[in-house]
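>>> no FASTA, just this:
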Ligand code: GDP
């Protein structure tokens, strides 16, 4: 256990007024600082109550004046989030109360916690491994339901367990070759060599499965760039607003209102999307609108999904058809008939062969067909259990290094090289896997990970 000599304190809930605001302490003095700053209503001192119970009383400033009536709890290390003694005050969520409360804790010797300090201590004290600590960050930043479930699974240890299984299988392989090195006169039996190759091949397969999950993780993290395109007045801004659930983009019946691209995140059909509302595509002499039209085309080129909107209440035009053809070449495309609440104009036969078609109405908020089509375009892969995916570039890089090393070890085995050469490769794989869970990670890497957390976490 890494002994920290100082006690940290921070506001752990978002700044600004709220129902509850939580002040948190961790370190050797956490319980005694909390006891000094808190007067339970029953008359007994805080530490006369058992740990991990909620005690009602007054939070006091350094002059003994009550700041707020609060609930306080303390835990004793190692049975706490950080593995150290900790204490928490559940105050009224008043920014002024919380400022005074923090000042009271600082006056008793606590110092302001930096970003991610609590979780870093949890990692240093072995309460969480690095993959779990990263999952805490992913959980806080989750942009979709599926992303939150994966982060919760990873926090519960699903990824760590999978990595540890690979790690331990490779340690077995190492152990065998160490034995061979120790008794160089004995030949390795060919049957045993085959078994070892099989073992290495299984672990290479496991790493392949993990690495194949990176695409899904990226989609969950960044969202699919979804360009909403169509002629002016097709209903693009209205659809964006209906998808995000609030009036994000300006809606008028004056064609050419949206001149720049408007971006907003939402989740539809279980898929996190980065919606990009674009300027209506038409030939225009207006230089500002012209720039907007150029950006629309760029948004289409960079999109992972294109929604081509056509006003179903008006006869479709040649331009709509041309736009659909163009979009299809660039990314998965859905043809969206808008204004489904209005009587429909006849649909030309040529449209029948074009991309899947759905009807929506921004006015009645009818989006069901669109939801279905989007979830079919990006199906949730049931191959990976929640939490068993590599969620960031650091994890992907370490896992692919491990896979390369296992591959090299297999080649060496087949080429009949000496066991010591093969051991170097397996050791490299183990070290890369160790980085994933934090067994063998460098301090600057952990610093970078925790600096992305918020203060108080
Ligand atoms: P954009 O130029 O493609 O962004 O189109 P807008 O979203 O600004 O909409 C153009 C006009 O169509 C506005 O007058 C909207 O109120 C109207 N409109 C958009 N969606 C619907 C819809 O689902 N139903 C009906 N009845 N009108 C709509």
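Looks like it arrived, so ask away. Predicted model only: the values in this text are computed from it and were never measured.
>>> break the protein into its domains for me.
Annotated domains of the chain cover 8-128, 133-213+388-437, 220-377 [automatic domain parsing].
>>> I'd like to know which of those domains has the weakest mean confidence.
Lowest mean pLDDT within the domains of the chain: domain 220-377, a mean of 83.
>>> start to end distance for that domain?
Start and end residues of domain 220-377 are separated by 14 Å (Cα to Cα, to the nearest Å).
>>> show residues contacting the helix ranked longest in the chain.
Longest helix of the chain, by residue count under DSSP state H: helix 158-182. Around helix 158-182, the neighbours that count as contacts under Cβ atoms under 8 Å, 6 or more residues apart in numbering are 129, 131-132, 135, 153-154, 186, 188, 192, 196, 199-200, 202-203, 206-207, 210, 385-390, 402, 406, 409, 419-420, 422-423, 426-427, 429-430, 433-434, 436-437. (Glycine included, C-beta is placed from N, CA and C.)
>>> in helices, which of the residues you listed appear?
131-132, 135, 153-154, 192, 196, 199-200, 202-203, 206-207, 210, 402, 406, 409, 419-420, 422-423, 426-427, 429-430, 433-434, 436-437.
>>> can you say which of those are buried?
131-132, 135, 153-154, 196, 199-200, 203, 206-207, 210, 402, 406, 409, 419, 422-423, 426, 429-430, 433-434, 436-437 (16 or more other Cβ atoms under 10 Å).
>>> so what's whatever residue of the stretch 51-200 of the chain ends up closest to the ligand up against?
As assessed by Cβ to the nearest ligand atom, the ligand sits closest to residue 143 within the stretch 51-200 of the chain, at 24.5 Å. Neighbouring residues of residue 143 by Cβ under 8 Å, 6+ apart: 220, 221, 223, 265, 267, 272.
>>> how near is the second one to residue 401?
Read it as residue 221. For residue 221, the distance to residue 401 equals 21 Å [Cβ to Cβ, to the nearest Å].
>>> try the first one
Shown here: residue 220 relative to residue 401, a distance of 23 Å by Cβ to Cβ.
>>> neighbour count for those two, which is higher?
Neighbour count, other Cβ atoms under 10 Å: between residue 220 and residue 401, residue 220 has more, with 25 against 17.
>>> what helix or strand is the more buried one on?
Using DSSP states H and E, residue 220 sits in helix 214-222.
>>> buried residues, that helix. List them.
214, 216, 217, 218, 219, 220, 221.
>>> residue 450 is in what secondary structure piece?
Using DSSP H and E, residue 450 sits within helix 443-451.
>>> how big is the angle separating that helix from helix 419-437?
On the basis of axes from the mean of the first three to the mean of the last three Cα atoms, to 10 degrees, helix 443-451 is oriented at 20 degrees to helix 419-437.
>>> can you pull the buried residues of helix 443-451?
So, applying 16+ other Cβ under 10 Å, buried residues of helix 443-451: 446, 449, 450.
>>> closest one of those residues to residue 48?
Nearest to residue 48 out of the buried residues of helix 443-451 is residue 450 (Cβ to Cβ; 35.2 Å).
>>> the closest one against residue 116, yeah?
Yes: using Cβ atoms under 8 Å, residue 450 is in contact with residue 116, at 3.2 Å.
>>> residue 457 is nearest to which of the domains of the chain?
domain 8-128 (5.7 Å).
>>> starting at the chain centroid, how far to the closest one?
How far domain 8-128 lies from its chain's middle: 28 Å, per Cα atoms, centre = their mean, to the nearest Å.
>>> what of stretch 357-367?
30 Å.
>>> that stretch and the ligand in contact?
Yes: using Cβ under 6 Å from any ligand atom, stretch 357-367 reaches the ligand at 361, 362, 363.
>>> drop anything exposed from those.
Counted by 16+ other Cβ under 10 Å, the residues of stretch 357-367 next to the ligand give 361, 362 as buried.
>>> keep only those of the residues of stretch 357-367 next to the ligand that are in helices.
Using DSSP H, no member of the residues of stretch 357-367 next to the ligand sits in helices.
>>> how about the residue nearest to the spatial centre of the chain, nearest residue that isn't a chain neighbour?
Residue closest to the mean C-alpha point of the chain, counted by Cα atoms, centre = their mean, is residue 138 at 3.5 Å. Leaving aside its chain neighbours, residue 138 sits nearest to residue 151 (3.9 Å; criterion: Cβ to Cβ, 6 or more residues apart in numbering).
>>> what about the one you found, how many residues close to it?
Neighbours of residue 151 using other Cβ under 10 Å come to 24.
>>> quick one: contacts for it?
135, 136, 138, 139, 142, 387, 391.
>>> please apply the same query to residue 138.
147, 150, 151, 154, 221, 391, 392 are the contacts of residue 138 under Cβ under 8 Å, 6+ apart.
>>> what strand or helix carries it?
Per DSSP H and E: helix 130-141 holds residue 138.
>>> now do that helix: distance to the chain's middle.
The answer for helix 130-141 is 7 Å, by Cα atoms, centre = their mean.
>>> over to stretch 129-148?
How far stretch 129-148 lies from its chain's middle: 5 Å, per Cα atoms, centre = their mean.
>>> buried residues in that stretch?
129-139, 142-144, 146-148.
>>> verify the contact between residue 84 and residue 117 for me.
No: counting by Cβ under 8 Å, residue 84 does not reach residue 117; the two are 11.1 Å apart.
>>> check what contacts the helix holding residue 220 and list those residues.
Contacts for helix 214-222 (Cβ under 8 Å, 6+ apart): 138, 142-144, 146-147, 150, 271-272, 274, 304, 378, 381, 384, 389-392, 396.
>>> could you pull out the strands for the stretch 251-400 of the chain?
262-268, 271-277, 305-311, 333-338, 357-359 (DSSP state E, counting those that start in this stretch).
>>> may I see those organised as TSV, with mean neighbour count added?
Shown next, in TSV, are the strands of the stretch 251-400 of the chain (neighbours: other Cβ atoms under 10 Å):
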stretch	mean neighbour count
strand 262-268	17
strand 271-277	24
strand 305-311	25
strand 333-338	24
strand 357-359	19
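>>> quick one, which of the ones you listed gets closest to residue 233.
Each of those has some distance to residue 233 by Cβ to Cβ; the shortest is strand 305-311, at 6.7 Å.
>>> so what touches the closest one?
In this structure, residues lying in contact with strand 305-311 by Cβ under 8 Å, 6+ apart are 224-231, 233-236, 239, 273, 300, 316, 320, 323-324, 327, 330-339, 355, 370, 374, 377-378.
>>> rerun at 7 Å
224, 226-230, 233-236, 239, 300, 316, 320, 323-324, 327, 330-339, 377 (Cβ atoms under 7 Å, 6 or more residues apart in numbering).
>>> go on, stretch 337-355?
Applying Cβ under 7 Å, 6+ apart, the set of residues contacting stretch 337-355 from outside is 234-235, 239, 309-316, 321, 324, 328, 333-335, 357, 359-364, 366.
>>> and that stretch with the ligand, contact?
Yes: applying Cβ under 6 Å from any ligand atom, one finds stretch 337-355 in contact with the ligand at 338, 339, 341, 342.
>>> of those, grab the buried ones for ChimeraX.
Only the buried entries of the residues of stretch 337-355 next to the ligand go into this ChimeraX selection, using 16+ other Cβ under 10 Å:
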select :338,339
